[in-house]
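Visitor: Just to be clear, the model below is a prediction. Sequence and coordinates:
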Amino acid sequence: MVTDRFSHVNTWVFDLDNTLYPPEARLFDQIEVKMSAWVMQALGVPRDEADRLRKLYWHQYGTTLAGLMTEHNVDPGPYLHEVHEIDLGHLQEDPALAAGISALPGRKIVYTNGCRPYAERVVAARGLEGLFDAIYGVEHAKFRPKPDRAAFEAVFATDGLSPDRAAMFEDDARNLTAPHEMGMRTVHVAPTQIHADHIHYHTNDLASFLAPLGRC
């Protein structure tokens with residue numbers, strides 16, 4: 001049974017974007033506009049070049065920010081503040097998801113490539129406030145992004161969790177490679193299933209997947 005495969009887990013690690021809210025919310029549509037505008041201003045390039053660089057850096061470095069820091073030595077603080085100042089008014093609370101997370105045995109944490117203040121706003125908008133023992137952003141990984149294993153190691157060391165007794169829930173399949181290598185149970189949360197050795201389970205409904213695990 002699936003529940004048996006999680007019976008050893010005492011720490012549950014959740015990504016934020018498109019994991020703790022559905023992709024249909026399309027928050028990244030707003031964030032991408034903000035990122036392109038920031039790149040345009042900071043680098044003095046037109047929008048088409050800003051869009052190209054944003055996508056290029058995401059593929060090469062894991063996040064646009066990591067590329068900007070590596071290639072242009074930008075200060076991450078102002079960037080993170082600006083690109084995450086978006087409207088969350090259309091996000092809805094999710095009582096089923098809240099119940100599923102609340103019932104999980106052990107610690108529950110959020111780990112995102114965004115910043116913690118943004119994550120805290122999203123968590124509150126989804127009705128999940130108070131359910132997590134800690135919320136970690138890219139700043140807690142010294143601005144190294146997932147999927148860099150060093151980023152996971154930095155955050156997990158800060159938290160004190162044991163990867164071999166933890167599970168990771170994430171929408172971006174590439175971000176599950178390092179957790180799998182570290183001994184975590186991995187769950188891909190996305191509309192489309194991807195078959196890969198580093199993914200143990202897939203779900204397109206996180207609340208339903210979590211429901212039986214609260215009784216592990």
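Guide: Okay, I see it.
Visitor: Test my guess that residue 61 contacts residue 70.
Guide: Yes: the criterion here is CB atoms under 8 Å, and residue 61 meets it with residue 70 at 6.1 Å. In short, each C-beta sits where N, CA and C put it, glycine included.
Visitor: Looking at those two, which is more packed in?
Guide: Each of residue 61 and residue 70 has its neighbours counted (other CB atoms under 10 Å); residue 61 has more, 18 against 12.
Visitor: Who are the contact partners of the closest residue to the more buried one other than its chain neighbours?
Guide: Distance criterion CB to CB, 6 or more residues apart in numbering; nearest residue to residue 61, sequence neighbours excluded, is residue 67 at 4.2 Å. Counting by CB atoms under 8 Å, 6 or more residues apart in numbering, residue 67 touches 53, 56-58, 60-61.
Visitor: any idea how far residue 67 is from residue 141?
Guide: As judged by CB to CB, to the nearest Å, residue 67 and residue 141 stand 16 Å apart.
Visitor: ok, now residue 57?
Guide: Noted for residue 57: a distance of 17 Å to residue 141, by CB to CB.
Visitor: Repeat that for residue 214.
Guide: 29 Å.
Visitor: The two: who's more crowded?
Guide: residue 141 (21 against 14).
Visitor: How about residue 97: what's its closest non-neighbour residue?
Guide: residue 207 (4.3 Å).
Visitor: and the one you found, what does it touch?
Guide: Per CB under 8 Å, 6+ apart, neighbours of residue 207: 94, 96-97, 99-100.
Visitor: Considering the residues you listed, which possesses the most neighbours?
Guide: Result: residue 97 is most packed of the contacts of residue 207 (other CB under 10 Å), 22 neighbours.
Visitor: SS state for it?
Guide: What DSSP: H, G, I helix; E, B strand; the rest coil gives for residue 97 is helix.
Visitor: coming back round to it: which phi and psi does the residue nearest to residue 61 have?
Guide: Dihedral pair for residue 67: phi -70, psi -40, per degrees, to the nearest 10.
Visitor: ok, it to residue 48 distance?
Guide: From residue 67 to residue 48 the distance is 17 Å (CB to CB).
Visitor: From what I see, residue 143 and residue 70 are in contact.
Guide: No: applying CB under 8 Å as the test, residue 143 and residue 70 come out as separate, 10.2 Å apart.
Visitor: Now the strand or helix carrying residue 151: buried residues?
Guide: Assessed by DSSP states H and E, residue 151 sits inside helix 149-159. Buried positions in helix 149-159, judged by neighbour count with 16 or more other CB atoms under 10 Å: 151-152, 154-156, 159.
Visitor: Mind giving me the packing neighbours of the helix or strand following that helix?
Guide: For helix 149-159, the following helix or strand on the C-terminal side (DSSP H and E) is strand 166-170. Under the contact criterion of 3 or more CB pairs under 8 Å, 6 or more residues apart in numbering; DSSP states H and E, strand 166-170 touches strand 11-14, helix 177-181, strand 185-189.
Visitor: From the contact counts, what lies against the first one?
Guide: Using 3+ CB pairs under 8 Å, 6+ apart as the contact criterion, the neighbours of strand 11-14 among helices and strands are strand 107-111, strand 166-170.
Visitor: Parallel or antiparallel, list what pairs with the last one.
Guide: In this case it means strand 166-170. Strand 166-170 sits in its sheet next to strand 11-14 (parallel), strand 185-189 (parallel), going by DSSP bridges.
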